[in-house]
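Asker: model the structure of this input:
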Amino acid sequence: MRKLPPLVKSFNGSNVEWQKLEDVNFEFLGYLLSCHLIIEHYLDEVIMTLGTELNWEPAKLTFSQKVALFPQNLLPEPYNPIPAIKHLNSIRNKIAHNIKSRPEDINLLPIKDYLSATYRDAKDIPSEPIELLEQFTSMVCACFGGWIASDAYRTTWRNKK
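Answerer: Numbers count the residues shown, from 1 in each chain. Here you go, the predicted structure:
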């Protein structure tokens, strides 16, 4: 099992009390962060298709700023993933400040609700957190990938690189 250095638990006079980090779910934390990163990649690509003449790289936008730029009416309900993506970002922010976050401590309901609205059969929606994140990420990236591909046919912006 992987280990991390202990956390500083408290100071008592000149003594430091240490708190061991045990039961860190590296698989869940790493997978959630990876899902966040891949969705951000696709989000970047969609935003670039919408503002092809803008210089995005030096802007160094945060994930939240990129989501805020996304046109709310670009994708019709129930296929608009932006509310669930905002929720994924709030989860990422929460675990970024708590290394001991566990899947059972995380509210994945908005992500499950998005999948429920887009799937015909609710039994196809997994209950296990990593599988749920996998399906959500695949669905969002396929949605964004479809937009990017269709935009590539409508414009020549990718040929300018």
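
Asker: from now on I want contacts and neighbour counts done on CA atoms only, so please keep to that.
Answerer: Noted.

Asker: all strands of this structure, in order?
Answerer: 7-12, 15-19 (DSSP state E).

Asker: for N55, find the nearest of those.
Answerer: strand 7-12 (41.4 Å; Cα to Cα).

Asker: surely V67 meets I82?
Answerer: Yes - taking Cα atoms under 8 Å as the definition, V67 is a contact partner of I82 at 7.0 Å.

Asker: from P76, how far out is the most centrally placed residue in the chain?
Answerer: Centroid-nearest residue in the chain: H36, 2.7 Å away (criterion: Cα atoms, centre = their mean). From H36 across to P76, the span is 22 Å (Cα to Cα, to the nearest Å).

Asker: where does this structure have low pLDDT?
Answerer: For the chain, the stretches flagged by pLDDT under 70 are 1, 152-161.

Asker: rerun at 50
Answerer: 157 (pLDDT under 50).

Asker: what segments of it are helices?
Answerer: Residue ranges of the helices in the chain, as given by DSSP state H, are 26-50, 63-69, 82-96, 109-118, 129-154.

Asker: now distance to L132 and mean neighbour count too, for the strands of the chain, in JSON lines please.
Answerer: Formatted as JSON lines, these follow (distance: least, Cα to Cα, whole Å; neighbours: other Cα atoms under 10 Å):
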{"stretch": "strand 7-12", "distance to L132": "31", "mean neighbour count": "10"}
{"stretch": "strand 15-19", "distance to L132": "32", "mean neighbour count": "11"}
